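Q: sequence unknown, structure follows:
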């Protein structure tokens with residue numbers, strides 16, 4: 001009788017150990033998932049895109065998001081960071097018939113520079129971009145184009161050919 005009880009106890013202990021091991025393997029696999037499709041994403045500053053005049057001692061903060069392009073979704077949770085994109089100035093000017101200059105680095109700061117797009121979502125949490133008149137010359141119109149810089153979870157992503165994140169600045173008197 002004691003032997004039967006002991007065998008049952010050992011059996012339950014082994015089953016518990018196997019169950020715990022199986023659950024820990026599942027958790028490890030979830031963290032290392034690769035997306036099954038290449039995601040296409042873009043940076044966006046929602047709202048008005050009109051030029052902003054900034055006084056020498058003032059600053060303005062913008063919300064910045066990462067979005068999936070044209071109704072796609074991401075099949076994993078992804079974290080993105082942003083960067084200024086000087087290469088987009090010439091293309092913007094050619095498309096819009098403008099002669100804007102690249103905003104100097106002294107006039108902007110990524111206050112919060114990382115966002116997360118949850119699995120199956122189309123937009124991210126919000127980052128913050130602060131612009132000021134520091135380094136801006138009077139009478140010159142500047143543009144600050146922003147694009148996605150990096151994704152942490154995977155290399156299986158690309159940036160869309162759209163410029164939705166930009167700020168047009170002028171220094172006011």
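A: Perfect, thanks for sending it. It should be emphasised that the depicted structure is a prediction, and the values quoted were computed from it without experimental measurement.
Q: okay, and the residue most central in space within the chain sits in which element?
A: Geometric centre of the chain, nearest residue: residue 80, 3.2 Å, by Cα atoms, centre = their mean. Using DSSP states H and E, residue 80 sits within strand 78-84.
Q: what sits up against that strand?
A: The list of residues contacting strand 78-84 from outside it, by Cβ atoms under 8 Å, 6 or more residues apart in numbering, reads 35, 39, 41, 43, 64, 66, 102-103, 105, 108, 110, 113-117, 124, 127, 129, 144-154, 157, 165. To be clear about C-beta, it is placed using only N, CA and C from the backbone, and glycine gets the same treatment.
Q: picking that back up, how close does the residue nearest to the centre of the chain sit to residue 94?
A: As judged by Cβ to Cβ, to the nearest Å, residue 80 and residue 94 stand 27 Å apart.
Q: cool, residue 57 as well?
A: Counting by Cβ to Cβ - residue 57 and residue 94 are separated by 34 Å.
Q: do the same with residue 59
A: Taken as Cβ to Cβ, the span from residue 59 to residue 94 is 30 Å.
Q: so for these two, which sits in the more crowded spot?
A: Counting neighbours by other Cβ atoms under 10 Å for residue 59 and for residue 94 shows that residue 59 has the greater number, 14 against 9.
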